[in-house]
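**Q** structure of the sequence below:
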Amino acid sequence: MWNKIIGQTEVIEKLKAIYSSNKIAHSYLFTGSDGVGKEAVAIEFAMLLNCPNAIDTAEACGKCSSCKKISGFKSEYFQFICPMPAGKGEEKDEDPIESLSTSDFELYLEELQEKAVNPYHRINLPNANYIRINSIRTITRKISLSAAEGAVKFCLIAEADKMRAESANALLKVLEEPPDDSILILTTSKYSLLPQTIIGRCQRIHFKELDSEAIRKKLTTDESIAGKFTSDEIELACSLSNNSYTKTIELLSIGVKEFRDDVVKYLLALLSEKHSEIVAISRKVAGRNKKELVRTFLFLLAVWIKDLMQSKYQQSPENISNADLIQRLQSFNKNFPSTEFYKALVEIENADFQINQNLNLPSILINLSPKLRAHFH
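**A** Predicted structure coming up:
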């Protein structure tokens, strides 16, 4: 089953050795960039630890009832926690899933089903900014229950950096006195945001960046993806994704070329101070009220700024994501030779932070434009 994982050979070998030696810790912290397979590997590890037919190569069979239930997020021994929106009338100790509105609950089930098919899928729910304390209380109760002989109670907490202080404190109590036959895996792409008290009680396993060629191979051989997109679209998405498989899929799904074109048009409009065009593009991108679309727009905007810096200071185009538009990048730098790149990137990062504050999404992009313009000289 490990063959579902893209790259990460060192991580897989380390987990195999842990399994074979039977020296399994109660808690692990998987760190690394978004979309490199942290959650996908955690799911495979959970399957392995609960598979009655695990083969000698430390690999789950993938066919037994336990493997199918875990991979389908239907096992009583596998709990999955991610940021959730606040439910209506949510009471103390109530599972946040049970208090979701009907529409949010249906969307959650759809997202979970998508992740069961593609473990690299990132679950996106509206207004799901934090891991709720009731989610931590729920898994605390569930992993404290007794399990069948040989079963391992497993909890995967995705985007653990999105725990607020009260959630982190609740989890800390579990990490300090973990129940028998239980394992917690936390994943994060923002290691520095986790409290040291949490970090200190987990065994850290770091995931390296993916090889771009491995991503391309996966995209061209995966039957659920191959044929849906042209080779040019796949090549562009791979180039822009910062070696993230998840981000590559997201870019393909939204129409990567048109979306990238909107980013460039937005920059041209703000540099020429065409306010009406800025408003039109901002409403086009953010008008659907999807935070992840705005985040992706800001992500590609930051990629473009970094490419401007690369094309100005480095002769080789190897590290330029928008290599197909190298002449346009050079033209930008010629017209604005004294751009403050780092300050522009900080403005984009601040705009991304505002998304979680439930501000009007088109306004975030509109208000960003004069701030960016101030750094192009």
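
**Q** helix/strand/coil for residue 333?
**A** When classified by DSSP: H, G, I helix; E, B strand; the rest coil, residue 333 comes out as helix.

**Q** and the closest residue to it other than its chain neighbours, what element?
**A** Spatial nearest neighbour of residue 333, chain neighbours left out: residue 312 (4.8 Å); criterion: CB to CB, 6 or more residues apart in numbering. Every C-beta, even on glycine, is put in place using the N, C-alpha and C of the backbone. When elements are assigned from DSSP states H and E, residue 312 belongs to helix 291-313.

**Q** and what of residue 253?
**A** Residue-wise, residue 253 maps onto helix 245-254 under DSSP H and E.

**Q** now the worst-scoring helix or strand of the chain on mean pLDDT: buried residues?
**A** Taking mean pLDDT, DSSP states H and E as the measure, helix 212-221 is the helix or strand of the chain with the lowest mean score, a mean of 83. Buried residues in helix 212-221, counting neighbours by 16 or more other CB atoms under 10 Å, are found at 215, 216, 218, 219.

**Q** out of those, the closest to residue 204 would be?
**A** Distance to residue 204, by CB to CB, is smallest for residue 215 among the buried residues of helix 212-221, at 24.6 Å.

**Q** for residue 142, what are its contacts?
**A** Counting by CB atoms under 8 Å, 6 or more residues apart in numbering, residue 142 makes contact with 79, 153, 155.

**Q** coming back round to it: got the buried residues for the helix holding residue 312?
**A** The neighbour-count check on helix 291-313 (16+ other CB under 10 Å) flags 291, 293-311 as buried.

**Q** same question for stretch 143-161.
**A** Neighbour-count burial for stretch 143-161, counted by 16+ other CB under 10 Å, picks out 143, 147, 151-161.

**Q** helices of the stretch 151-300 of the chain, residue ranges please.
**A** Secondary structure of the stretch 151-300 of the chain (DSSP state H, counting those that start in this stretch): helices at 165-176, 196-199, 212-221, 231-240, 245-254, 256-271, 275-286, 291-313.

**Q** reformat those as TSV; add distance to residue 346.
**A** Shown next, in TSV, are the helices of the stretch 151-300 of the chain (distance: least, CB to CB, whole Å):
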stretch	distance to residue 346
helix 165-176	26
helix 196-199	26
helix 212-221	27
helix 231-240	21
helix 245-254	21
helix 256-271	16
helix 275-286	20
helix 291-313	10
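
**Q** weakest of those in terms of mean pLDDT?
**A** For the helices of the stretch 151-300 of the chain, mean pLDDT drops lowest on helix 212-221, to a mean of 83.

**Q** returning to that earlier point: any idea how far residue 54 is from the residue nearest to residue 333?
**A** Distance, residue 312 to residue 54, by CB to CB, to the nearest Å: 53 Å.

**Q** likewise for residue 186?
**A** Computed as CB to CB, the residue 186 to residue 54 distance reads 24 Å.

**Q** neighbour count for these two, which is higher?
**A** residue 186 (27 against 18; other CB atoms under 10 Å).

**Q** what angle separates the strand ranked longest in the chain from helix 165-176?
**A** Assignment by DSSP state E gives strand 182-188 as the longest strand of the chain. Relative orientation of strand 182-188 versus helix 165-176 (axes from the mean of the first three to the mean of the last three CA atoms, to 10 degrees): 140 degrees.

**Q** strand 182-188 - contacts with which helices or strands?
**A** Contacts defined by 3 or more CB pairs under 8 Å, 6 or more residues apart in numbering; DSSP states H and E place strand 182-188 against strand 27-31, helix 38-50, strand 153-157, helix 165-176.

**Q** in TSV: those, plus distance to residue 114.
**A** Below are these laid out as TSV (distance: least, CB to CB, whole Å):
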stretch	distance to residue 114
strand 27-31	21
helix 38-50	13
strand 153-157	16
helix 165-176	25
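
**Q** out of the ones you listed, nearest to residue 242?
**A** With CB to CB as the criterion, residue 242 lies closest to helix 38-50 of these, at 15.1 Å.

**Q** now stretch 318-327: mean pLDDT?
**A** For stretch 318-327, the per-residue pLDDT values average out at 85.

**Q** actually, stretch 334-351.
**A** 90.

**Q** can you name the residues in contact with that stretch?
**A** By CB under 8 Å, 6+ apart, the list of residues contacting stretch 334-351 reads 271, 298, 301-302, 305-306, 308-309, 333, 364-365, 367-368, 371-372, 375-377.

**Q** let's go with 10 Å and repeat that
**A** For stretch 334-351, the surrounding residues in contact (CB atoms under 10 Å, 6 or more residues apart in numbering) are 271, 294-295, 297-299, 301-302, 304-306, 308-310, 312-313, 332-333, 359, 364-365, 367-377.

**Q** and that stretch, which residues are buried?
**A** So for stretch 334-351, counting by 16+ other CB under 10 Å, buried means 339, 341, 344, 345, 347, 348, 351.

**Q** run the chain-centre distance for that stretch.
**A** When distances are taken as CA atoms, centre = their mean, to the nearest Å, stretch 334-351 is centred 25 Å away from the chain's centroid.

**Q** checking my notes, residue 80 in a helix, right?
**A** No. Using three-state DSSP, the assignment for residue 80 is strand, not a helix.

**Q** report the contact partners of the nearest residue to it once chain neighbours are set aside.
**A** Of all residues not flanking residue 80 in the chain, residue 156 sits nearest, at 5.2 Å (CB to CB, 6+ apart). Listed by CB under 10 Å, 6+ apart, the contact set of residue 156 reads 28, 30, 38-39, 42-43, 45-46, 70, 73, 78-82, 139, 183-187.

**Q** sorry, back to before: please identify which of the helices and strands packed on strand 182-188 is closest to residue 256.
**A** Closest to residue 256 of those, according to CB to CB: helix 38-50, at 22.2 Å.
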